[in-house]
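>>> quick one, structure for this:
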Amino acid sequence: MLSSQPLTVSLALALGIYAIAIAIGMFRDPTKLGRILEGFKGNAALTFITGALTYVLGVTVVIVHPSWDGWLAAFVTLMGWATIAKGLLWMVAPDGVLAIAGRFWRNPLPRTWALATGAFGLALVIGAVV
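Purely as a prediction, here's the structure:
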């Protein structure tokens, strides 16, 4: 089996780039995520499938990366567990997820969240390459 370090670096880099891409999209169009969330309302199939895929992604990360050695490895594993929780919540309580998420995407917060998400992604990328 491969050492967990290359996997930690790969996962941190992937998560970091993903967060930076989301941040750029949120910053360019602060209303986009709100519109996406609106599309989930009343669509039981979409929320369930989103939850199931999110859950499977989180379980995959936790299974292949159960490492807590160092801050970067611990953070990647913690993100896996958080993704599991998020997936389960999308499946069993999508209205609650949408209500909470809706609070974060009201003006002027979207650009603030975009900057925070970008900083988070940048920290992961830097942690992966340094």
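
>>> the lengthiest helix in the chain - contacts with which helices or strands?
If you go by DSSP state H, the chain has its longest helix at helix 4-28. Contacts defined by 3 or more C-beta pairs under 8 Å, 6 or more residues apart in numbering; DSSP states H and E place helix 4-28 against helix 32-40, helix 71-92, helix 109-129. Every residue, glycine included, has its C-beta placed from N, CA and C.

>>> downstream of the second one, the next helix or strand is which one?
What it means is helix 71-92. Downstream of helix 71-92, the first helix or strand assigned by DSSP states H and E is helix 94-104.

>>> then the shortest one?
Moving toward the C-terminus from helix 32-40, the first helix or strand encountered (DSSP H and E) is helix 44-64.

>>> and the angle from the longest helix of the chain to helix 71-92?
Using axes from the mean of the first three to the mean of the last three C-alpha atoms, to 10 degrees, the inter-axis angle of helix 4-28 relative to helix 71-92 is 60 degrees.

>>> list the buried residues for helix 4-28?
In terms of neighbour count (16 or more other C-beta atoms under 10 Å), helix 4-28 has its buried residues at 4, 7-9, 11-12, 15-16, 19-20, 22-23, 26.
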